[in-house]
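> Need coordinates for the below:
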Amino acid sequence: MKKEIHPNYNEVVFWDLSCDFKFLTRSTMSSKETIKWEDGKEYPVIKIEVSSQSHPFFTGKKMMLDTAGRVDKFNQRMAKKQAVKK
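Residues are numbered from 1 along each chain as shown. Predicted coordinates:
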């Protein structure tokens, strides 16, 4: 393999901030922030918003969406556009 063309592949901790879930894996991502893991070693930490622990598809939890408000806003926009055309 050619030298110095491959990114560093190290162990890092990904931290899901939405549910305070952390997991240790390997990645090419890096960070200046570190965290002490259960084995006593310090690893770079990558903060993320969504992981398998918080994503509705994997958890089975449904999120409440304001679909009625979206529909009303869409209908208002369409009414304005049609009023301008006439």
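
> okay, CA-based contacts and neighbour counts for the rest of this
Fine.

> so where is this structure shaky, pLDDT-wise?
1, 52, 55-68, 86 (pLDDT under 70).

> can you map out the strands along this structure?
For the chain, the strands defined by DSSP state E cover 10-16, 21-27, 34-36, 42-48.

> What helices and strands are in contact with the first one?
To tie it back to what came earlier, the one meant is strand 10-16. Strand 10-16 is packed against strand 21-27, strand 42-48, with contacts defined by 3 or more Cα pairs under 8 Å, 6 or more residues apart in numbering; DSSP states H and E.

> and of the strands of the chain, who's closest to Lys2?
strand 10-16 (18.6 Å; Cα to Cα).

> Check which residues of that closest one are buried.
11-16 (16 or more other Cα atoms under 10 Å).

> Next, the buried residues of the longest helix belonging to the chain.
Criterion DSSP state H: the longest helix present in the chain is helix 67-85. By neighbour count with 16+ other Cα under 10 Å, helix 67-85 contains no buried residues.

> The strands of the chain into CSV, with extra columns for distance to Asp72?
Shown next, in CSV, are those (distance: least, Cα to Cα, whole Å):
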stretch, distance to Asp72
strand 10-16, 34
strand 21-27, 37
strand 34-36, 46
strand 42-48, 33
